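1. sequence and predicted structure below; questions after.
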Amino acid sequence: MALTERVIYEYSAPGRGAADQWPAPTGEAELSDLPAALRRAEAPQLPEVSELDVVRHFTRLSQLNFSIDTHFYPLGSCTMKYNPKACNQYAMLPEFLARHPLAPESHGQGFLACMYELQEMLKEVTGMQGVALSPMAGAHGEFAGVAMIRAYHRARGDDARNEIIVPEAAHGTNPATATMCGCVVREIPVDTQGDVDLDALRAAVGPQTAGIMLTNPSTLGVFERHIEAVARIVHDAGGLLYYDGANLNAILGKVRPGDMGFDVIHMNLHKTFSTPHGGGGPGAGAVGVGERLLPFLPVPLAAKEGERYRWVSEAERPQSIGRLSAFMGNAGVLLRAYIYMRLLGREGMQKVGEFATLNANYLLQRLKDAGFDAAYPRRRASHEFIVTLRRQARELNVTAMDFAKRLLDYGFHAPTTYFPLLVPECLLIEPTETETREVLDAFVAALSQIQKEAEQEPGRVTSAPHTMPVRRLDDVRAARQLDLTWKPTAPS
Amino acid sequence: MALTERVIYEYSAPGRGAADQWPAPTGEAELSDLPAALRRAEAPQLPEVSELDVVRHFTRLSQLNFSIDTHFYPLGSCTMKYNPKACNQYAMLPEFLARHPLAPESHGQGFLACMYELQEMLKEVTGMQGVALSPMAGAHGEFAGVAMIRAYHRARGDDARNEIIVPEAAHGTNPATATMCGCVVREIPVDTQGDVDLDALRAAVGPQTAGIMLTNPSTLGVFERHIEAVARIVHDAGGLLYYDGANLNAILGKVRPGDMGFDVIHMNLHKTFSTPHGGGGPGAGAVGVGERLLPFLPVPLAAKEGERYRWVSEAERPQSIGRLSAFMGNAGVLLRAYIYMRLLGREGMQKVGEFATLNANYLLQRLKDAGFDAAYPRRRASHEFIVTLRRQARELNVTAMDFAKRLLDYGFHAPTTYFPLLVPECLLIEPTETETREVLDAFVAALSQIQKEAEQEPGRVTSAPHTMPVRRLDDVRAARQLDLTWKPTAPS
Amino acid sequence: MAFIPHTRADVEAMLRTIGVARLEDLFDEIPAGLKIKGLDRIPEALNEMQVGRLMSERARCDGGLTSFLGAGAYEHHIPSAVWAITTRGEFYSAYTPYQAEASQGTLQMIYEFQTMIARLTGMDVSNASMYDGASATAEAALMAVRANRRSRAARILVPSTLHPHYRRVALNTTHNQGLRFEEIPYVRESGTLDPAALESLAGEDVTALVIQQPNFFGRLEDVDALTDWAHARGALVIAVVNPMSLALFKPPGRWGTKGVDIAVGEGQPLGVPLSGGGPYFGFMTARMEHVRQMPGRIVGRTLDSAGKGGFTLTLQAREQHIRRAKATSNICTNQGLLMTAATIYLSLMGAEGLKRTAAASHARTRELVALLTRIPGVRAAFQGPFFHECVLQLSRPAAGVLRSLAARGIAGGLDLAPYYPELGSAILTCATETKTTADLERYALALGDALNAAQAA
Amino acid sequence: MAFIPHTRADVEAMLRTIGVARLEDLFDEIPAGLKIKGLDRIPEALNEMQVGRLMSERARCDGGLTSFLGAGAYEHHIPSAVWAITTRGEFYSAYTPYQAEASQGTLQMIYEFQTMIARLTGMDVSNASMYDGASATAEAALMAVRANRRSRAARILVPSTLHPHYRRVALNTTHNQGLRFEEIPYVRESGTLDPAALESLAGEDVTALVIQQPNFFGRLEDVDALTDWAHARGALVIAVVNPMSLALFKPPGRWGTKGVDIAVGEGQPLGVPLSGGGPYFGFMTARMEHVRQMPGRIVGRTLDSAGKGGFTLTLQAREQHIRRAKATSNICTNQGLLMTAATIYLSLMGAEGLKRTAAASHARTRELVALLTRIPGVRAAFQGPFFHECVLQLSRPAAGVLRSLAARGIAGGLDLAPYYPELGSAILTCATETKTTADLERYALALGDALNAAQAA
Ligand SMILES: Cc1ncc(COP(=O)(O)O)c(C=O)c1O
Ligand SMILES: Cc1ncc(COP(=O)(O)O)c(C=O)c1O
């Protein structure tokens, strides 16, 4: 109900504070050993506010967000499904929270057991031979994956392989990761049905090919039907296949990347395994590898010997691409994923893929019936699909962005817009398996209503949103007149 | 942002459910011992909804509330101050939550230690000789108190004393409690300055007087200056003095009911000691007594022997008014109060009274300066005070109710309205010590603005609220066309 | 400390506005002789970190028990979602919904609660909670006296198998108003109410009969016959029920020919942690004809000035803040937050989850009883079916046996000696769906050892 | 299970709408040979109660240690309010704020976070977090290479007293892009960077110098001289700092004459639980001139179409979703929720609380070091002041000593042998404000015993 909230600094008053949270002051004598030249001259400008101020401010701020817990949030490629409360509660047991990352193994058997079993479960789910858990997001997992591909080629003396092929619809992290790994990116087109253009692929591969990065189902929301051919072409050329696991939810328990021929995969545990997105993280980007890449897995790794669990030492893994995080990656996120997988069990896993696909195909069909244009009308949807509003943009001057903003007024988060870039005016819609049919129907009704508005009073749509805490924001101004930190004189 | 939410039943579909929370089904054979005649024929009509439905529904519902954590909530007599998050976190440690009330003392030493120390601290704070913790709210504490008064007279063979005197401004629970205890209520007036009319009191006391129930500061927001005289008159007549502890926040660390001459007191731990109000409870109404009533304290009581803590057995307390709850009252609330008191310590306690009083007097003064009428303009405010809008009602036809509703639009919860009954068109305003001066100033500004509206466009005020999830509700209809449970055919 | 946000400058400016020099001056209406200097016997403040450590140590003292205690408070699984949402500030730190328009969240939740409780009990209306099961029983007795205009006796029949603490609380709460409670004995063999004892009162003025189902011993009463017996004699019937059991058992609204008049009980099994005895909540339901005699808050659905549906407190003329000395009760603050938890719990469980929980608890207890009664010196005290709780007779004094179980980390049950000395050495034992077969076996092993040791000693 | 709300009727109706007969038909575009039947090696589902019990047992295995470990992750008091609010669904279950109008809560929080981190470090701008301190250091090196247009060497000087894990991560992250890291040794007596070693590189092309303050040993570097040295040679300076220490120490924005160019660090000390190593968050700040070289998300304040202020992601042209292969980094998902916790933590602590915490931690560690170095066979490894962490030299092999401490429930510190074999038997030990004098004494007693026992053995 409160639609504005001041910046926390604006509640500040000199000398105010949540003193209850502070240790007793230390005498200056106790700090006398610290050289004056290294000491801070002025206190940092931080808010001076009471505990109630803080609680009230951030509680009110939170209410300005859409979230899974409050809204349908069909953001394509993001798998915004229910994050079970149990995963959070049990990952936050006091003993887990208190455990120092360098604590002795004797006092980490519980945590290690979870990590070991998580590795094992992820192997089974992906059909890979080994799993490492420490990458801290999807892109971080991609980095680990491509770094392993490079290490593999290098280990074989095949130093020239520095090209990574990506389909043009790929997520931005794919080419960016290739660059991070010092590779050159080669984009290849997809055909009219959304499958990789095999001729283009054949033309692209060669002795410079390090590998290809794909997700399947692809970012176009369809299953890559030529996957076996793709694998053959790339493997025959000496390259490896990288699987972007962002779309794993679609095929969980149905088909496995390892079986399709992929050599390495990252999994967005914060998508398929429902750890929270937290307004932008933390995620977890565990990686899985086939036989050939096993020696290169990053550390840390959990191992089991008899009834004891232990960390694998770096010395045991001389070819490892090494450590990618200061400690154990996003350990607490991994615990949440572990809990989620135990809750699902083998039956549940399979259902996830099935019902994510059911919801997507149902929603696609209903939207088609309502007159919307599917980008790939003759294809099955995977767990997501693309609607293009090119017609609306052309005929009514109402864009995908306008539809997206107007949806907010109807109480729905917008789908992903303008990604993948090759489909004009697109909405990439992923309902996930945890939403009811009623919600999907209501979403169709809202989009249909907006379509009507676009025809009858387009201004209502193009000037949306109308009921959010702010109206449409000026992004150009944001980038031109940079205001990145609060200053006492800033306009309020 | 979402201002409506359907009734949970409206999300229901046959066969849907949060199966994850359910044990595996039991075979009918395992229930074969239960007589068919006693079994339920039809399943109860409960919602069949997914876990996400539940989380989303109740999260959205919660957002429809004002609360301390989101709004200034100056409800007079209710002491809506910050409820520290620490009190909740540490009262909800898994071991405390798992402890069965009948668990052996050997496995309850931690809890018992807290209860014992809480009793001791409350004695010190009130100046009483003994404290029992089990009453579950203020009114329940009142019941215990008056029951003790009756038991005391009865024990002395003074059976005729069944009259309880209450000032006309008393909270409704006071006369209601007297009735619950089988007493007759005798109301006495207060004088123009808000003090008890001593002549009326003298006239009222007699051999039928069981006692008097008072709070001091009174429900008029002023300190009863003749308290010593009142005590003398009642004691001389053979009656006892009951202190309604709802207003203890005003005098914490400044003056103690025991020292004023009160024989028995209840404390609203959910007011002065900041346990949460929870949208209507749970509270905790610990009682304290002077020497004379010690034998009559209700059980359970915690005792300490050497280093061990134990429950006092009922056999040890033959004159006790006995048990008033199935187990240990609102034990978890008591833990919260204990934690709060340890956080405050002796320094903090004193500050509470001082700053609650400072905030109230400041706010009163600012409102007077802004042209509002104080009910007792020549008195100091205690932790709360009364503004009367009689003038506005008469001249502008805008009532206290209208002001209250319009305040909601300004983002403030309304003060208590129409209580105490003897002040017409009153607002009983209690800011509490945890609010900043800035908040009080903003509240004055809002009331002044509403005053202006009342003068210039009274319709805006009398039709308020305008920005809440609902407009003004029809209470008459609610009571005439009773709709107390959801039915599938109910209007939605 | 004390969560006070005032800066020195604030204090000075505020005192200036008020027109006094010092904080102390604000207390100048208090007789000087009464003022105190300080609170010496209160310990010094701890900061949150120190309190956290203290409480964690205290909590640790209380852990490590596998509990087979029931007797009115039951260990059931509580979904994480329940308290994650219940403790949201908007529920946790709101007051009673006096300003309906700014409290629709709490009000709608209560309306949903009332609906669920009414459906579970098969009754027409529910209020918005009482303090606990015992106080709800006491209030039900008072309500029955008001509601039964044909009776002038204020005489309530109570089986001695009603929870002993409930009997005490009911008596302690109502005796000053002249209510009389008369205990109906139980049959030693069956552990259920003695119909012969009832029959002896046949012609007399009885205001109400209380029936607990399952009774304190976990045994099942013949509720249909008892309800009809009371109604036939102009007495009202007050049911005291475990809400969890209602997933399996006939709801009080269907007992006998007409159903009971008032049904109450302890809500704790519905998502509320054991928590050392509280906060729990009492629920109270009744037939519509008695609604105006109900104590406590009630929420109704109504319309706003624009014709949109909304929720508000209703029938307030029954309550102390309006009716004062003539109110139906003095209750004001109730157990709102626990209602919230229960409403979320019931939404997650639904009829199916509740039934499975009740059934699993019962099956577990049967398994336990079978295991334990195989031990020499242990036998079931009563014949006939029980629900998820059972009285066992031991060959050695219960207190000592329970002590040695506790030393092995097992709370074996409740010693009934203080309550029912006639049973000799007997304990009331309960298993719920939370117990595994390994737990039961550990109990059996320990009990066998404890009885052997006692024998040896 | 699997949190799927579909009823049988839903499934049928939905399949009918789609026009297929069975769920399986939805997978008909997948080559038949690839499909699997099931996931046999995944265990069967547990319900929440069973998982809860399993996890509680697992957690219990890991408890019971009093920890004196630091080495980049620090045990500080975390106010209850921090995680009570951070885990609110609206923060916890939201995505990256792509739809700004529906994400003002997260966006404004980030803007406040950026402000606080910028003020704490004395830098102009902050991004919205990196994965952790180590990965932030790696990204800072890449950023420096982009930002330092005068250097062509992609050569980064790194003191060997930079956290060893950070050195590894930086190398592993950047070597494929051709970055070279050159380690600058430390002076054995002081445990600080060897200026002579630096001086030997004076004329060469150096892209950036990394300075950790306090360094891995807890020792304090001469940051002003080092910063000026680098700037004088056209190198950028990357500071790696513990944000808690900045309450006491000169912020990197003020090091030397000009201040550093990029400052990064591990945010964990700011309200994030140790949690077995993560999730933590890295922070990254820079001078305004480098903002377009920064990786990661950045939030800016702007106006809406009605002229009202609001917040949005900005400078997105740096990021992978726009710039793809030319982006400043591949980072996408960052550590949003941890930022939320840190922002709340910093709001509660303010400058004063942070200073007191840092000071108390330091004082505690001094007290501990004084106690321990009184034990024969224990001495400080380096001369000179440290901050809240200290290397101790032991007369017996560290591994065995630490093992026997662990057996007594004490994590005594980190064995440095794998990292700095030249130090012989040495441990890095840390106390924070969470430790009481009794804790320190318990440690001292156990260490004395452990060294004695080792001697005896
Ligand atoms: C297809 C695809 N690949 C990769 C990623 C990157 O994952 P993360 O954001 O966890 O780094 C995403 C997430 O947005 C994605 O949708
Ligand atoms: C003056 C006064 N007395 C008694 C009470 C009753 O307390 P409770 O609501 O806890 O029963 C209140 C609370 O509203 C009150 O303000």
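-> Ah, there it is. Residues are numbered from 1 along each chain as shown, chains lettered A, B, ... in the order given. Ligands and ions are numbered 1, 2, ... in the order given.

2. and the nearest residue to residue C:70 once chain neighbours are set aside, what's its pLDDT?
-> The shortest distance from residue C:70 to any non-neighbouring residue, by C-beta to C-beta, 6 or more residues apart in numbering or on different chains, is to residue C:430 (2.8 Å). All C-beta spots, glycine's among them, are computed from the backbone N, C-alpha and C. Residue C:430 is assigned 98 on the pLDDT scale.

3. also residue C:323?
-> Looking at residue C:323, its pLDDT stands at 87.

4. pretty sure the residue nearest to residue C:70 sits against residue C:411.
-> No - with contact defined as C-beta atoms under 8 Å, residue C:430 does not reach residue C:411; the gap is 10.2 Å.

5. tell me the domain boundaries of the chain?
-> You didn't pick a chain, so chain A it is. A:86-344, A:352-476 (automatic domain parsing).

6. you looked at the wrong chain, it should be chain C
-> C:66-77+C:351-456, C:80-345.

7. relative to residue B:431, how far out is the residue in chain C positioned nearest to chain A?
-> Of all residues in chain C, residue C:5 sits closest to chain A, at 3.5 Å by C-beta to the nearest C-beta. Going from residue C:5 to residue B:431 by C-beta to C-beta, to the nearest Å gives 12 Å.

8. residues shared between the contacts of those two?
-> In terms of C-beta atoms under 8 Å, 6 or more residues apart in numbering or on different chains, residue C:5 and residue B:431 are not both contacted by any residue.

9. which of these two has more neighbours?
-> Using other C-beta atoms under 10 Å in any protein chain shown, the more surrounded residue of residue C:5 and residue B:431 is residue B:431, with 31 against 27.

10. OK, contacts around the residue nearest to that one when sequence neighbours are not counted?
-> Excluding the flanking residues, the one nearest residue B:431 by C-beta to C-beta, 6+ apart is residue B:359, at 4.3 Å. Going by C-beta under 8 Å, 6+ apart, residue B:359 touches B:383, B:431-433, B:435, B:440, C:14.

11. let's go with 7 Å and repeat that
-> Going by C-beta atoms under 7 Å, 6 or more residues apart in numbering or on different chains, residue B:359 touches B:431-433, B:435, B:440.

12. mind checking which of those residues are in helices?
-> residue B:440 (DSSP state H).

13. tell me which residues are up against stretch C:316-325.
-> Residues outside stretch C:316-325 that contact it (C-beta under 7 Å, 6+ apart) are B:172-173, B:175-176, B:178-179, B:185, C:292, C:294, C:327-328, C:330, C:332.

14. residue A:284 in helix, strand or coil?
-> coil (DSSP: H, G, I helix; E, B strand; the rest coil).

15. okay, now it: neighbour count?
-> 34.

16. pretty sure it sits against residue A:337.
-> Yes - counting by C-beta atoms under 7 Å, residue A:337 is a contact partner of residue A:284 at 6.3 Å.

17. who touches the closest residue to ligand 1 within the stretch 101-250 of chain C in this structure?
-> When scored by C-beta to the nearest ligand atom, the stretch 101-250 of chain C has residue C:105 as its residue closest to ligand 1, at 33.5 Å. Going by C-beta under 7 Å, 6+ apart, residue C:105 touches B:61-65, C:90.

18. again with residue C:193
-> Taking C-beta under 7 Å, 6+ apart, one finds C:159, C:161, C:184, C:186, C:221, C:226 in contact with residue C:193.

19. per-residue pLDDT, the first one?
-> Residue C:159 is assigned a pLDDT of 97 by the prediction.

20. what's it sitting at in phi/psi?
-> phi -70, psi 150 (degrees, to the nearest 10).

21. identify the bridge partners of it.
-> residue C:184 (DSSP bridges).

22. can you tell me how far it is from residue A:70?
-> 49 Å.

23. for ligand 1, what's its nearest residue on the stretch 251-400 of chain A.
-> residue A:283 (4.0 Å).

24. residues near that residue, how many?
-> Counted with other C-beta under 10 Å, residue A:283 comes out at 29.

25. which parts of the stretch 351-457 of chain C are strands?
-> C:378-380, C:390-394, C:410-411, C:414-415, C:426-429 (DSSP state E, counting those that start in this stretch).

26. as a markdown table, those strands with mean neighbour count and distance to residue A:261 would be great.
-> Output for the strands of the stretch 351-457 of chain C, formatted as a markdown table (neighbours: other C-beta atoms under 10 Å in any protein chain shown; distance: least, C-beta to C-beta, whole Å):
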| stretch | mean neighbour count | distance to residue A:261 |
| --- | --- | --- |
| strand C:378-380 | 17 | 64 |
| strand C:390-394 | 24 | 61 |
| strand C:410-411 | 22 | 56 |
| strand C:414-415 | 23 | 64 |
| strand C:426-429 | 26 | 60 |
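
27. distance to chain D for these - can I get that in JSON lines?
-> Below are these laid out as JSON lines (distance: least, C-beta to the nearest C-beta, whole Å):
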{"stretch": "strand C:378-380", "distance to chain D": "27"}
{"stretch": "strand C:390-394", "distance to chain D": "22"}
{"stretch": "strand C:410-411", "distance to chain D": "16"}
{"stretch": "strand C:414-415", "distance to chain D": "24"}
{"stretch": "strand C:426-429", "distance to chain D": "21"}
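
28. okay if I get those as JSON lines plus distance to residue D:69?
-> Formatted as JSON lines, the strands of the stretch 351-457 of chain C follow (distance: least, C-beta to C-beta, whole Å):
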{"stretch": "strand C:378-380", "distance to residue D:69": "50"}
{"stretch": "strand C:390-394", "distance to residue D:69": "50"}
{"stretch": "strand C:410-411", "distance to residue D:69": "36"}
{"stretch": "strand C:414-415", "distance to residue D:69": "45"}
{"stretch": "strand C:426-429", "distance to residue D:69": "45"}
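
29. ok, which of the ones you listed comes nearest residue C:56?
-> Closest approach to residue C:56 among these (C-beta to C-beta): strand C:410-411, 21.9 Å.

30. got the contact list for that closest one?
-> Contacts of strand C:410-411 (C-beta under 7 Å, 6+ apart): B:100, B:103-104, C:65-69, C:443, C:446.

31. out of those residues, which are buried?
-> Among the contacts of strand C:410-411, those classed as buried by 16 or more other C-beta atoms under 10 Å in any protein chain shown are B:100, B:103-104, C:65-69, C:443, C:446.

32. I'd like the contacts of strand C:410-411 as CSV, with secondary structure and distance to residue D:435 appended.
-> Below are the contacts of strand C:410-411 laid out as CSV (DSSP: H, G, I helix; E, B strand; the rest coil; distance: C-beta to C-beta, whole Å):
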residue, secondary structure, distance to residue D:435
B:100, coil, 34
B:103, coil, 32
B:104, coil, 34
C:65, coil, 30
C:66, strand, 33
C:67, strand, 34
C:68, coil, 40
C:69, coil, 38
C:443, helix, 40
C:446, helix, 39
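
33. top helix in the chain by residue count?
-> This is for chain A. Per DSSP H, chain A has its longest helix at helix A:331-369.

34. not quite, go with chain C.
-> Chain C, longest helix under DSSP H: helix C:336-372.

35. tell me which residues of it are tucked away?
-> Result for helix C:336-372 [16+ other C-beta under 10 Å]: buried residues C:336-369, C:371-372.

36. again, but for stretch A:303-317
-> Neighbour-count burial for stretch A:303-317 flags A:303, A:309, A:311, A:317 (criterion: 16+ other C-beta under 10 Å).
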